[in-house]
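K.L.:
quick one, fold the following:
(one chain, ligands or ions: 2)
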Amino acid sequence: KPFPIFLSSKVIEGFGRGGKQLGIPTANMTEDVVNSVLQSAPNGIYFGLAKTDFEKKVRPMVMSLGWNPYFKNEKLSGEVHIIHNYQNDFYGTQLKVVILGFIRPEADFVDIDTLVAEIQRDINFCLKAVDKEEYKKYFHDKLLSH
Ligand code: ADP
Ligand code: MG
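P.N.:
Ligands and ions are numbered 1, 2, ... in the order given. A predicted model of the protein is given here:
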């Protein structure tokens, strides 16, 4: 099992498609970081924890890794949706992440509503999963807080 996988990336601009308009903004990671994760984990949807550089708190996150078939991306992307309602953007800041598990493979969706519903299920799955005893220690892991 490749987990946990620790990552640290600058938050970059994505294609600006979907995310915020769907109520599910995703902080996009740099290409080098995405390529390095793909060495140990296949394309898909993952859950874990994230920490921004402007907050103390470690928060649950869902991450998509891969081609994003729905939006027909030409490039691989790694995108992190932190399960928290932020008032402001944080492009250019450093984001630390620990990937704790795989949720599902990437899938193409017939329409936006189906996509949003599926992501909502991923979010619920994540919130249940990170509550488990085995993951408690990661909320205090030095690799996230430093
Ligand atoms: P882009 O295509 O540029 O990634 P998005 O619509 O996906 O555009 O919005 C992503 C940006 O929204 C992030 O880079 C970040 O600055 C901001 N943001 C606000 N709230 C969140 C959140 N809960 N999770 C991730 N990013 C968020
Ligand atoms: Mg995004």
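K.L.:
from here on, contacts and neighbour counts on C-alpha atoms
P.N.:
OK.
K.L.:
what about stretch 76-93 and ligand 1, touching?
P.N.:
Yes. Judged by Cα under 6 Å from any ligand atom, stretch 76-93 and ligand 1 are in contact via 80-86, 88-91.
K.L.:
neighbour-wise, which of those residues leads?
P.N.:
Using other Cα atoms under 10 Å as the neighbour criterion, residue 80 leads the residues of stretch 76-93 next to ligand 1 with 26 neighbours.
K.L.:
for this structure, longest helix please?
P.N.:
Assignment by DSSP state H gives helix 112-129 as the longest helix of the chain.
K.L.:
skip ahead from it and say which helix or strand is next.
P.N.:
helix 142-145 (DSSP states H and E).
K.L.:
which strands and helices sit next to that following helix?
P.N.:
In terms of contacts (3 or more Cα pairs under 8 Å, 6 or more residues apart in numbering; DSSP states H and E), helix 142-145 is packed against strand 44-52, strand 94-104.
K.L.:
and those: which comes nearest ligand 2?
P.N.:
Closest approach to ligand 2 among the helices and strands packed on helix 142-145 (Cα to the ion): strand 94-104, 13.2 Å.
K.L.:
other SSEs contacting that closest one?
P.N.:
Packed next to strand 94-104, using 3+ Cα pairs under 8 Å, 6+ apart, are strand 5-10, strand 44-52, helix 142-145.
K.L.:
my guess is residue 40 contacts residue 2, does it?
P.N.:
Yes. Applying Cα atoms under 8 Å, one finds residue 40 in contact with residue 2, separated by 6.3 Å.
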